[in-house]
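Chemist: Need a 3D model of the sequence below.
(one chain, ligands or ions: 1)
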Amino acid sequence: MVEKTYVTYNQVHKLCQESAPRILEEFRPNLMIAIGGGGYVPARILRSFLKQPGHPNIPIQAIGLSLYEALGTADAIETPGTRVTRTQWLDLSSLEMANLIGKNVLIVDEVDDTRTTLEYAVRELEKDVREAQQKAGRTGEETKFSIFVLHNKDKPKKGKLPEEIIHGRYLAARTVGDDWICYPWEATDIDEHDRLAKEQEQKQS
Ligand code: 5GP
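Modeler: Numbering: from 1, shown residues only. Below is the predicted model of the structure:
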């Protein structure tokens, strides 16, 4: 049976707080892209810790991706696996995509499990930025993507990330086992969720 790990808002807050100095120093983000829904809360908390005196808040853009098992379709029989679809994306025709050109963009999600979602997000964002650069005649400007997740599950990954991201522009606040992580924003009874988190903490100490 898959074990469950309960994570509280307080713990999420502190994971963002302790990660912020490294993010500021190493990634220097100008913009965050939060992958919904799990990336929204960490991105918002992180923004408070990334705020520097005299500088504006780092803007957060939201994207939505949906994962489904690619079973039962003709091509899925040959290549079974997981598919990703965009449910929300940056507006390609407006300034939203051009706004990424030449920036340090921090992609935020709650968990890196099979890595399928992150692979898709990086690949597609890089592709769309390249197109926007060509359209705008700004191909000389370098856009750098980095990644922050609260938890990275230590397991074989289906998705691949570019080497320069994995070695140098990837930060997981915690590397964990392959348990199911219960995040507080998914809880329907937050008091019970916090009680279970506390109970778990006591058992471990
Ligand atoms: P991926 O497998 O692409 O890395 O993760 C896909 C998505 O599955 C994540 O963004 C997250 O929404 C969900 N997911 C994967 N593992 C967990 C987990 O342990 N807990 C929760 N709550 N969601 C998870």
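
Chemist: The protein against the ligand: which residues are in contact?
Modeler: Taking CB under 6 Å from any ligand atom as the criterion, the chain approaches the ligand at residues 38, 67, 109, 111-117, 180-181, 183, 186. Bear in mind the C-beta positions are built from the backbone N, C-alpha and C, glycine included.

Chemist: So which residue is dead centre in this structure?
Modeler: The centre of the chain sits closest to Asp109, judged by CA atoms, centre = their mean, with a distance of 2.2 Å.

Chemist: Helix, strand, or coil at that residue?
Modeler: The three-state label given to Asp109 by DSSP: H, G, I helix; E, B strand; the rest coil is strand.

Chemist: For Phe88, give its distance to Ala121.
Modeler: No Phe there; residue 88 is Gln. With distances taken as CB to CB, to the nearest Å, Gln88 is found 12 Å from Ala121.

Chemist: check contacts around the closest residue to Phe27 other than its chain neighbours.
Modeler: Leaving out its chain neighbours, the residue that sits closest to Phe27 by CB to CB, 6 or more residues apart in numbering is Ser146, at 4.0 Å. Applying CB atoms under 8 Å, 6 or more residues apart in numbering, we find Ser146 in contact with 23, 26-27, 29, 104-107, 165, 169-171.

Chemist: where does Ser146 land in three-state SS?
Modeler: Ser146 - assigned by three-state DSSP - is strand.

Chemist: And for the one 5 residues further on?
Modeler: The three-state assignment at His151 reads strand, by three-state DSSP.

Chemist: Quickly list what it is bridged to.
Modeler: For His151, the beta-bridge partners under DSSP bridges are Val111, Arg174.

Chemist: hmm, back to that, could I get the contacts of Ser146 as TSV with pLDDT and secondary structure?
Modeler: Converted to TSV, these look like this (pLDDT from 0 to 100; DSSP: H, G, I helix; E, B strand; the rest coil):
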residue	pLDDT	secondary structure
Ile23	98	helix
Glu26	98	helix
Phe27	98	helix
Pro29	98	coil
Asn104	98	strand
Val105	97	strand
Leu106	98	strand
Ile107	98	strand
Ile165	98	helix
Arg169	98	coil
Tyr170	98	strand
Leu171	98	strand
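
Chemist: Turn those into TSV, including neighbour count.
Modeler: Below are those laid out as TSV (neighbours: other CB atoms under 10 Å):
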residue	neighbour count
Ile23	20
Glu26	12
Phe27	21
Pro29	24
Asn104	17
Val105	23
Leu106	26
Ile107	26
Ile165	17
Arg169	19
Tyr170	20
Leu171	16
